[in-house]
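K.L.:
Have a look at this prediction, sequence included:
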Amino acid sequence: MTIQYRTGNDLDLDQVIELYRASTLGERRPIHDRPRFSAMLRNANLVITAWDQNLLVGISRSLTDFSHFTYLADLAVRVSHQKRGIGKELIRLTQLGGGPNTTILLLAAPAAEEYYPGLDLARHGRRGCSTGASLCDNAYFSPWAVRTTPSTKVGPSVSP
C-alpha cells in the first residue's frame with residue numbers, strides 16, 4: 001500500500017463526507033448540513049489529504065497564520081486504514097505546511113485522547129485555561145517544531 005499525500009482544499013465534497021463517516025469523525029461534525037460542511041472545508045487554509053490510489057483515506061483540516069500558530073481542526077483517517085502511520089504523517093505534514101516554527105493546537109475527541117501523547121503532543125490541561133475545564137482537558141499542542149528539508153514541498157492550500 002502506497003499512500004500519497006496532497007495539499008489543497010479543492011476536493012469532492014461527497015468523498016470528504018464519506019471519509020468523515022468512515023473515520024467516525026462524522027459523528028461529531030455537521031456532515032448532514034452540506035452548505036455548512038462545504039464552508040468548513042473551503043475556508044480552511046491548510047488541508048492535507050492522504051490517498052490510497054483514488055480512495056481518500058485521511059485528512060488534516062487546519063487554520064493557520066503560517067508563522068506562529070496552527071489550529072488542527074480535524075484529523076480523520078478511515079478506520080480501515082488506521083494504525084498505519086497515516087495520522088502521524090498528516091500531523092507532520094501539517095506542521096511543515098503551517099511553518100516550521102508554528103505550534104499546533106488540537107482538541108482531541110474522547111476516543112482519541114490516548115493517541116496524541118504517543119506523537120509527542122503535550123496535553124494542555126487546565127493550567128491558564130479561561131475557556132472552561134472541559135475544553136482544556138482535551139487540548140493538545142506541539143511543543144516542538146519540525147525542521148524542513150529542501151526536498152519538502154508542502155505549503156498553503158489556498159493563497160492568503
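P.N.:
Received it, and whenever you're ready, just let me know what you need. Residues are numbered from 1 along each chain as shown.
K.L.:
Tell me who's in contact with the closest residue to Ser67 other than its chain neighbours.
P.N.:
Excluding its sequence neighbours, the residue lying closest to Ser67 (CB to CB, 6 or more residues apart in numbering) is Gly99, at 5.4 Å. Every residue, glycine included, has its C-beta placed from N, CA and C. Gly99 makes contacts with 64, 66-68, 70, as judged by CB atoms under 8 Å, 6 or more residues apart in numbering.
K.L.:
Select only the buried ones of those in ChimeraX?
P.N.:
Selecting just the buried residues from the contacts of Gly99 in ChimeraX takes one command, with 16 or more other CB atoms under 10 Å as the test:
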select :64,70
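K.L.:
Tabulate the contacts of Gly99 in CSV, adding columns for distance to Pro30 and secondary structure.
P.N.:
As requested, the contacts of Gly99 are arranged in CSV below (distance: CB to CB, whole Å; DSSP: H, G, I helix; E, B strand; the rest coil):
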residue, distance to Pro30, secondary structure
Thr64, 22, strand
Phe66, 27, coil
Ser67, 30, coil
His68, 29, coil
Thr70, 22, strand
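K.L.:
Hmm, which of the contacts of Gly99 is lowest in pLDDT?
P.N.:
In terms of pLDDT, the weakest of the contacts of Gly99 is His68, which scores 87.
K.L.:
Surely that one and Pro100 touch.
P.N.:
No - taking contacts as CB atoms under 8 Å, His68 lies outside contact range of Pro100: 11.4 Å.
K.L.:
and stretch 74-87, C-alpha only, in CSV?
P.N.:
What follows is the C-alpha trace of stretch 74-87 in CSV, where atoms were taken according to Å, rounded to 0.1, in the frame of the first residue of the first chain:
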residue,chain,number,x,y,z
ASP,A,74,-9.9,17.9,12.1
LEU,A,75,-7.7,14.9,11.8
ALA,A,76,-9.5,11.9,10.3
VAL,A,77,-8.3,8.5,9.0
ARG,A,78,-10.6,5.9,7.6
VAL,A,79,-11.0,3.1,10.2
SER,A,80,-9.8,0.5,7.6
HIS,A,81,-6.5,2.5,7.3
GLN,A,82,-5.8,3.3,10.9
LYS,A,83,-2.7,2.2,12.7
ARG,A,84,-0.5,2.5,9.6
GLY,A,85,1.1,5.9,10.4
ILE,A,86,-1.2,7.9,8.2
GLY,A,87,-2.4,10.2,11.0
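K.L.:
What lies in contact with that stretch?
P.N.:
By CB under 8 Å, 6+ apart, the list of residues contacting stretch 74-87 from outside reads 1, 3, 19-20, 22-25, 29, 50, 52, 55-61, 90-91, 106, 115.
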